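Participant: Generate a structure from the sequence data that follows.
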Amino acid sequence: MKVVYMGTPDFAVGPLQAMLAGGVEVLAVVTQPDRPKGRSKELVPSPVKVCAMQHQIPVLQPERIKRPEAVEELKQYDADLFVVAAFGQILSKEILEMPRLGCINIHASLLPKYRGAAPIQWSIIDGEKETGVTIMQMNEGLDTGDILTQKIVPITAEDTGESLFDKLCEAGGQLLLETLPKLENGSITPVKQDESKSSYAKMLTKELGHIDFSGSAVEIERLVRGLNSWPSAYTKYEGKTLKIWKSRVAKNSENEQQKPGTIVRVTDDSIYVQTGDGVLELLEVQLEGKKRMPVKDFLRGHRPQAGTVLG
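Facilitator: Residues are numbered from 1 along each chain as shown. The predicted structure follows:
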């Protein structure tokens, strides 16, 4: 089977590596153009481009995949299948119908739940017990194509957006290798998505990480995990941004009749904060301009008092 692969971020590297290790013939890789990064604004290639170059695979970087010149370039490869994972551009009907077997997409949720840009993080924020990877036959909609195969991945109480990302990246590569031969021999029966069960995982923003302590300790703890490592959950302490990297719902955390956001007690290694329902124990933080650290190290240089209000 001859494949053209389309992907851009770290999540898309795993499936590409899996195909190469599995002996799949990858004719070319299509990824986003190099983008400026950091203060120097130096152009940086996408993770998928870096991987492709390491394996001497031709790389296409169209600013717009729908433009006639990009479409013509794709036609030159005469691929059996286009495999897409977090590419970042919408494919036209002409492109979707170009390969003999069409285009398939690797999506990091159990569709139809969590269509859209940030399914991994929202599954944690929403308190899901499991998520997974779906490989679907692409159509012109947003993650609305027929389901080909799925793989369930449990979400643990310790999972963060970063750890779950890694699990789903690995699962996506494994599932792809299982799916390709079945697609080739026609042994897969596509299943239409149940629209009544669909949900949308909207794009993450930095503003989303601003902690509203009037919410419950359970909800805030999930927000902290879901937004680790980006954009991170944060509050304000003495006028500076304080990122919360790790927390947990305090045991016996009944409301202490304090305003949400109030520090109710401080121990040698924890800071306890009143929420709208229960108490949140802060375990790992990062003050603006400082390194990420356990709260016990933070308390060596700062000693917030009970009664201090965060935010």
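
Participant: Counting by contacts, list what the top helix by length along the chain packs against.
Facilitator: Taking DSSP state H as the criterion, the chain has its longest helix at helix 161-185. Applying 3 or more C-beta pairs under 8 Å, 6 or more residues apart in numbering; DSSP states H and E, we find helix 161-185 packed against helix 13-21, strand 81-85, strand 103-107, helix 119-125, strand 130-137, strand 147-154. To be clear about C-beta, it is placed using only N, CA and C from the backbone, and glycine gets the same treatment.

Participant: Same list (these) but as a markdown table, adding distance to Ser198 and mean pLDDT.
Facilitator: Compiled in a markdown table, the helices and strands packed on helix 161-185 are given as follows (distance: least, C-beta to C-beta, whole Å; pLDDT from 0 to 100):
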| stretch | distance to Ser198 | mean pLDDT |
| --- | --- | --- |
| helix 13-21 | 24 | 96 |
| strand 81-85 | 20 | 98 |
| strand 103-107 | 12 | 98 |
| helix 119-125 | 12 | 98 |
| strand 130-137 | 12 | 98 |
| strand 147-154 | 12 | 98 |
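
Participant: Compare those and give me the one nearest Tyr234.
Facilitator: helix 119-125 (14.9 Å; C-beta to C-beta).

Participant: now for the closest one, which elements pack on it?
Facilitator: Using 3+ C-beta pairs under 8 Å, 6+ apart: helix 119-125 touches strand 130-137, helix 161-185, strand 200-201, helix 217-226.

Participant: got a list of contacts for it?
Facilitator: Helix 119-125 has contacts (C-beta atoms under 8 Å, 6 or more residues apart in numbering) with 107-109, 113-114, 131, 155, 159-161, 164-165, 168, 201-202, 204, 222-223, 225-227.

Participant: could you flag which of those are buried?
Facilitator: 107-109, 113-114, 131, 155, 159-161, 164-165, 168, 201, 204, 222-223, 225-227 (16 or more other C-beta atoms under 10 Å).

Participant: circling back: export the helices and strands packed on helix 119-125 as CSV, with columns for distance to Glu284.
Facilitator: Formatted as CSV, the helices and strands packed on helix 119-125 follow (distance: least, C-beta to C-beta, whole Å):
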stretch, distance to Glu284
strand 130-137, 24
helix 161-185, 13
strand 200-201, 26
helix 217-226, 9
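
Participant: which ones are touching the closest residue to Ile125 other than its chain neighbours?
Facilitator: Leaving aside its sequence neighbours, Ile125 sits nearest to Gly226 (C-beta to C-beta, 6 or more residues apart in numbering; 3.9 Å). The contact partners of Gly226, taken as C-beta under 8 Å, 6+ apart, are Gln121, Trp122, Ser123, Ile124, Ile125, Thr160, Gly161.

Participant: Gly186: which of the residues you listed is nearest?
Facilitator: Closest approach to Gly186 among these (C-beta to C-beta): Ser123, at 32.2 Å.

Participant: neighbours of that closest one, just the number please.
Facilitator: A count of nearby residues for Ser123, using other C-beta atoms under 10 Å, gives 28.

Participant: And it, how close does it get to Arg67?
Facilitator: Separation of Ser123 from Arg67 (C-beta to C-beta, to the nearest Å) stands at 35 Å.

Participant: do Gln257 as well
Facilitator: 62 Å.

Participant: tell me the pLDDT at the residue nearest to Tyr77 when sequence neighbours are not counted?
Facilitator: Leaving out its chain neighbours, the residue that sits closest to Tyr77 by C-beta to C-beta, 6+ apart is Leu27, at 4.6 Å. Looking at Leu27, its pLDDT is 98.

Participant: for the helix or strand that Asp297 is a member of, the distance to its chain's centre please.
Facilitator: Following DSSP states H and E, one finds Asp297 within helix 295-301. Helix 295-301 has its C-alpha centroid displaced from the chain centroid by 31 Å (C-alpha atoms, centre = their mean, to the nearest Å).

Participant: could you say what helices and strands that helix packs with?
Facilitator: Under the contact criterion of 3+ C-beta pairs under 8 Å, 6+ apart, helix 295-301 touches strand 279-287.

Participant: What average pLDDT does the strand it packs on get?
Facilitator: 97.

Participant: List the neighbouring strands of that strand plus their orientation.
Facilitator: Under the criterion DSSP bridges, strand 279-287 sits next to strand 240-249 (antiparallel), strand 271-274 (antiparallel), strand 293-294 (antiparallel) in its sheet.

Participant: Kindly compare burial across the ones you listed and name the winner.
Facilitator: strand 271-274 (a mean of 25; mean count of other C-beta atoms under 10 Å).

Participant: distance between it and the chain's centre?
Facilitator: Distance, stretch centre to chain centre, for strand 271-274: 29 Å (C-alpha atoms, centre = their mean).
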